[in-house]
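Asker: structural data only, the sequence is not supplied:
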């Protein structure tokens, strides 16, 4: 188990990190007081937010029973620090896990190597999530895997390699070859595809949505607004609708 330090009443501390540095001890933030008083004094219907950040990326968890996982994989020249906050509101009833790409920052800081090599970074963040929600248990099925650009390709790869682990996919701004039969075999129930109106990947994503729907896969396309290959200014509110649809029963 990774040791967690407790800090009361403050925002998560984030520092610049090198990819080659040893994994830092995560910083846990619990509110509104300390972790133990919060559990006792907060109203039962008020979520208690916990955070961890470090070399592994960022994890944000609210108080739910056996929390499902919403995994976000950033693209090239991005990081958990500049991406993860856009999904916190949408993933408020889950554990949001934003791993850090395993490629060096000077080469884009995204994902490189085999799936096993990429998984090491992802699994490190998931292990932190397990510690963050104790004594509860992190759900190991029915999660949502999201990704932007090259992160979308990795989210798809993860879902196909772990049947039942990821029942929802949010694939953004990436030209992909999707196989309806393989998605069904992997237990993927809903696929959201999204891109900006000025993004060169949008026609491919719209075509994929139509193809999946025709093959019996529940799929929907969401526009990210009048932007190119980047997040929209109102990305946070847009993702609320996207994740609400993907995670609906």
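Answerer: Structure received. Given the structure is predicted, the values throughout are model-derived calculations rather than measurements.
Asker: contacts for the longest helix belonging to the chain next, please.
Answerer: In the chain, assigned by DSSP state H, the helix with the most residues is helix 115-133. Helix 115-133 has contacts (CB atoms under 8 Å, 6 or more residues apart in numbering) with 1-2, 4, 23, 26, 28, 50-52, 54, 56-57, 59, 61, 67, 69, 71, 73, 95, 97-102, 111-112, 138, 154, 157-158, 161. The C-beta positions use only the backbone N, C-alpha and C, and glycine is treated the same way.
Asker: partners of whichever helix or strand comes after that helix, with directions?
Answerer: Once helix 115-133 ends, the next helix or strand along the chain (criterion: DSSP states H and E) is strand 143-148. Here strand 143-148 is paired, per DSSP bridges, with strand 69-73 (parallel), strand 166-172 (parallel).
Asker: quick one: the longest helix of the chain to strand 69-73, angle?
Answerer: If you take axes from the mean of the first three to the mean of the last three CA atoms, to 10 degrees, helix 115-133 sits at 140 degrees to strand 69-73.
Asker: in helix 115-133, what's buried?
Answerer: 118-119, 121-122, 124-133 (16 or more other CB atoms under 10 Å).
Asker: tabulate those in a markdown table, adding columns for distance to residue 169 and pLDDT.
Answerer: Shown next, in a markdown table, are the buried residues of helix 115-133 (distance: CB to CB, whole Å; pLDDT from 0 to 100):
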| residue | distance to residue 169 | pLDDT |
| --- | --- | --- |
| 118 | 17 | 96 |
| 119 | 17 | 96 |
| 121 | 19 | 94 |
| 122 | 15 | 97 |
| 124 | 22 | 97 |
| 125 | 18 | 97 |
| 126 | 17 | 97 |
| 127 | 23 | 97 |
| 128 | 23 | 96 |
| 129 | 19 | 96 |
| 130 | 22 | 95 |
| 131 | 26 | 93 |
| 132 | 24 | 93 |
| 133 | 23 | 92 |
